[in-house]
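# Here you go, sequence then predicted model.
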Amino acid sequence: MISRRNLLAASAMGAAMVSSVKAASFGNPDEPPQGAINAKGLGNLSDPGPQSQVLGGQFPSAQSPPATDIGGMPTPWASFNNAPKRIQNGGWARQVTVADFAISKEISGVNMRLTAGGIRELHWHQAAEWAIMTYGTCRVTVLDAQGRPYVADVREGDLWYFPPGAPHSLQGLGPDGCEFVICFDDGHADEFNTLLVTDWFAHTPPEVLAKNFGVPAETFAKIPLHNLWIFQGTLPGDLITDRAAVQKDAPVPTHPFIFPLGSSRPFKSSDTGSIQVADSSNFKVSTAVSAALVTVRPGGIREMHWHPNADEWQYYIKGKARMTVFDTGPNALTTDFNAGDIGYVRRNLGHYVENVGDTDMQFIGVFRAPHYEEVSLSNWLTHTPPKLVAQHLNVDEGTIASWPDYVPGVMPKR
Ligand code: MN
Ligand code: MN
């Protein structure tokens with residue numbers, strides 16, 4: 001069976017075929033005319049101007065948008081790949097905040113690498129911190145507002161969550177440290193500007209430090225005068241020893257501050273992919289942030305859906321993806337994503353994500369909401385009186401009855 005996309009692509013090749021495609025039967029590419037299908041001559045589609053083949057080649061959907069795209073929308077694309085790294089001995093970090101990515105108002109993103117022994121210094125901040133480990137292992141420490149200390153080692157696929165104001169640290173473990181992505185629940189949050197323990201010590205009179213800690217002022221003769229932010233440290237001992245050292249008589253946290261998302265039971269699963277979810281229902285401490293790890297096999301598609309309770313901030317972990325976002329207007333914009341890229345979809349805007357590569361495609365959607373929520377287009381239309389739906393779409397009721405009525409997550413079922 002020839003798909004509409006193939007038909008449109010074939011039509012775009014020859015002007016003679018253009019008139020054979022009718023908007024009424026295969027989407028609406030020509031009212032108003034937008035897309036390559038409307039080009040009348042070959043010169044129409046060429047691009048003789050100055051350009052970067054490498055950069056342009058990453059965005060085939062921008063070079064020639066699907067004929068069903070319409071209007072104009074703010075870009076839903078950003079990337080860590082071209083974000084400047086702040087490099088120090090012990091690791092580096094780069095970030096994409098709302099300053100760089102205008103629509104990303106609810107979440108800012110940080111990509112960080114720590115060497116084996118590399119330390120992100122003891123600090124805290126106004127925003128909640130959610131993170132996913134993408135490489136290696138890391139030891140995290142945190143103290144919550146109830147005075148409960150916590151130390152844990154996180155591995156690839158694990159998450160952590162630190163409430164706003166909870167002081168914490170991160171340290172890369174052997175053999176090769178770690179890399180991870182942090183999300184703050186505020187598009188303005190800045191990893192290069194946090195409350196650092198060394199800054200506070202250096203900017204407090206030694207006599208005050210002496211009173212505060214009940215020791216002589218000379219104790220603080222060698223404190224660093226500039227903050228450390230990221231620095232090379234020595235590898236910590238075993239986790240049991242660190243846990244014993246921090247606990248003393250303090251209360252024990254009711255719930256862990258980490259969650260093994262990568263190895264968790266899928267929320268949705270089909271032959272072509274899966275969705276794993278972490279929110280405050282299973283990752284109890286994560287009261288401000290929820291997340292869905294989406295894996296799509298070649299040929300699969302993250303089904304048409306939207307999220308009623310939050311914007312979706314996406315981090316593309318592997319593979320090649322193409323996402324279309326639908327808004328009022330109508331507006332429809334298709335954008336390509338590769339590993340290390342960031343996507344963003346405002347709440348309630350319809351979207352789908354296709355795997356357009358020949359390997360598994362994976363991204364994580366992060367939401368500033370305590371619970372993960374989605375509305376599936378097919379689930380809605382199969383739980384609406386068939387006769388009513390049939391009159392809207394000119395599709396017969398028997399066909400509608402064959403549509404998935406169970407929120408597959410990733411299609412096709414096969
Ligand atoms: Mn932090
Ligand atoms: Mn989504």
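Cool, the structure landed. Residues are numbered from 1 along each chain as shown. Ligands and ions are numbered 1, 2, ... in the order given.

# Now for the residue lying closest to residue 114 once chain neighbours are set aside, how many residues are close by?
Leaving aside its sequence neighbours, residue 114 sits nearest to residue 172 (Cβ to Cβ, 6 or more residues apart in numbering; 3.4 Å). To be clear about C-beta, it is placed using only N, CA and C from the backbone, and glycine gets the same treatment. For residue 172, the count of nearby residues is 29 (other Cβ atoms under 10 Å).

# wait, doesn't residue 172 sit right on residue 91?
Yes - using Cβ atoms under 8 Å, residue 172 is in contact with residue 91, at 6.8 Å.

# list the residues that contact both of these two?
Taking Cβ atoms under 8 Å, 6 or more residues apart in numbering as the contact rule, residue 172 and residue 91 both touch 113, 114, 115, 118.

# Outline the domain layout of the chain.
When the chain is parsed with automatic domain parsing, its domains come out as 83-192+229-258, 262-411.

# Need those domains in a markdown table (columns: mean pLDDT).
Below are the domains of the chain laid out as a markdown table (pLDDT from 0 to 100):
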| stretch | mean pLDDT |
| --- | --- |
| domain 83-192+229-258 | 98 |
| domain 262-411 | 98 |
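
# nearest to residue 60, of the ones you listed?
Closest approach to residue 60 among those is made by domain 262-411 (6.1 Å; Cβ to Cβ).

# mind checking the end-to-end distance for that closest one?
For domain 262-411, the first-to-last residue distance is 21 Å (Cα to Cα, to the nearest Å).

# Next: stretch 80-89.
Stretch 80-89 has its terminal residues 20 Å apart, counting by Cα to Cα.

# Now find how far off-centre it is within its chain.
Computed by Cα atoms, centre = their mean, to the nearest Å, the chain-centroid distance of stretch 80-89 equals 18 Å.

# Which positions within that stretch qualify as buried?
Within stretch 80-89, the residues scored as buried using 16 or more other Cβ atoms under 10 Å are 80, 83.

# Please enumerate residues in contact with it?
Contacts to stretch 80-89, defined as Cβ under 8 Å, 6+ apart, come from residues 92-96, 100, 109, 111, 181, 192, 229-232, 338, 340-342.

# Tell me the buried residues within the residues you listed.
For those, buried by 16+ other Cβ under 10 Å: 92-96, 100, 109, 111, 181, 229-232, 338, 340-342.

# Those residues in strands, which ones?
Counting by DSSP state E, the part of those found in strands is 92-96, 109, 111, 181, 230-232, 341-342.

# Between those, which sits nearest residue 156?
The closest of these to residue 156 turns out to be residue 181 (Cβ to Cβ; 11.9 Å).

# That closest one is in contact with residue 313, isn't it?
No - using Cβ under 8 Å, residue 181 is not in contact with residue 313, being 10.1 Å away.

# Can you tell me how far the closest residue in space to residue 340 that isn't next to it in sequence is from residue 101?
The shortest distance from residue 340 to any non-neighbouring residue, by Cβ to Cβ, 6+ apart, is to residue 81 (4.5 Å). With the distance defined as Cβ to Cβ, to the nearest Å, residue 81 ends up 13 Å from residue 101.

# in the stretch 51-200 of the chain, which spans are helices?
For the stretch 51-200 of the chain, the helices defined by DSSP state H, counting those that start in this stretch occupy 53-57, 60-63, 197-202.

# Filter the shared contacts of residue 172 and residue 91 down to the ones in strands?
Those of the shared contacts of residue 172 and residue 91 lying in strands (DSSP E): 113, 114, 118.

# Let's have those in a markdown table, adding distance to residue 322.
Listed next are these as a markdown table, based on distance: Cβ to Cβ, whole Å:
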| residue | distance to residue 322 |
| --- | --- |
| 113 | 28 |
| 114 | 33 |
| 118 | 36 |
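
# of the residues you listed, closest to residue 404?
Lowest distance from residue 404 to those (Cβ to Cβ) belongs to residue 113, with 40.7 Å.

# Surely that closest one is in contact with residue 94?
No - if you go by Cβ under 8 Å, residue 113 and residue 94 don't touch, sitting 9.3 Å apart.

# Residue 54 - how many residues pack around it?
For residue 54, the count of nearby residues is 7 (other Cβ under 10 Å).

# I'd like the distance between it and residue 101.
Taking Cβ to Cβ as the measure, residue 54 falls 22 Å from residue 101.

# just residue 156 next, same as before
Distance, residue 156 to residue 101, by Cβ to Cβ: 26 Å.
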